[in-house]
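Engineer: what shape does this take:
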Amino acid sequence: MSLHKWESDPLFSAAEVVQDSTDRMESVYRLLLHEQGLVHAEHPDSRLLTSVNYHRRDLATILETTKWQAVFYIQLEDFEKAVSLSAVMNKSQTTEDVIVRHTQFIGAIREQINQVEKSLEDSLVGKSIRNS
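Structural biologist: I've put the predicted structure just below:
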């Protein structure tokens, strides 16, 4: 898909917001995993522990925000589909392209959210986040 097609899409700015949140979620998650790897059980650095706790809370917040934004985006997409389909009853190729593009975007975002959630469930990071 070309960037020009996305930029001309009426939901482009909403998609950018969702993508930014997803990118931030991934970034905070990777940072937290890195920090967790630096923590030594015998002599933990208090500054590092403070940072880990901060990033745990930040990740929990950004994960929920990203999920909420993705749901909102899906609702916008459903509204756009309804408007497009009522305006163009013959289902032109352009309308089908828009639907496919949005479906692919939503699938990619859902997959990123699911990967982070699954990884959190399988790790000590997730147990710590659920406790905070």
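Engineer: Gln69 is in contact with Val17, correct?
Structural biologist: Yes - Val17 lies in contact with Gln69 (CB atoms under 8 Å); the separation is 6.1 Å. Every C-beta, even on glycine, is put in place using the N, C-alpha and C of the backbone.
Engineer: residue ranges in this structure under the pLDDT threshold?
Structural biologist: Residue ranges of the chain with pLDDT under 70: 1-7, 10, 79-95, 124-132.
Engineer: okay, now the domains of the chain?
Structural biologist: 12-90, 92-131 (the TED database).
Engineer: the helix ranked longest in the chain packs against which elements?
Structural biologist: Taking DSSP state H as the criterion, the chain has its longest helix at helix 46-87. Helices and strands touching helix 46-87, by 3 or more CB pairs under 8 Å, 6 or more residues apart in numbering; DSSP states H and E, are helix 12-38, helix 93-121, helix 124-131.
Engineer: a markdown table for these, including mean neighbour count?
Structural biologist: What follows is the helices and strands packed on helix 46-87, written out as a markdown table (neighbours: other CB atoms under 10 Å):
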| stretch | mean neighbour count |
| --- | --- |
| helix 12-38 | 16 |
| helix 93-121 | 14 |
| helix 124-131 | 14 |
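Engineer: export those helices to JSON lines and tack on distance to His55?
Structural biologist: Putting these into JSON lines (distance: least, CB to CB, whole Å) gives the following:
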{"stretch": "helix 12-38", "distance to His55": "4"}
{"stretch": "helix 93-121", "distance to His55": "12"}
{"stretch": "helix 124-131", "distance to His55": "9"}
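Engineer: out of the ones you listed, which is closest to Pro44?
Structural biologist: helix 12-38 (9.4 Å; CB to CB).
Engineer: from the contact counts, what lies against the closest one?
Structural biologist: Looks like helix 12-38 contacts helix 46-87, helix 93-121, helix 124-131 (3+ CB pairs under 8 Å, 6+ apart).
Engineer: which residue, neighbours along the chain excluded, lies closest to Ser21?
Structural biologist: Using CB to CB, 6 or more residues apart in numbering and skipping residues adjacent in sequence, the residue nearest Ser21 is Thr66, 4.2 Å away.
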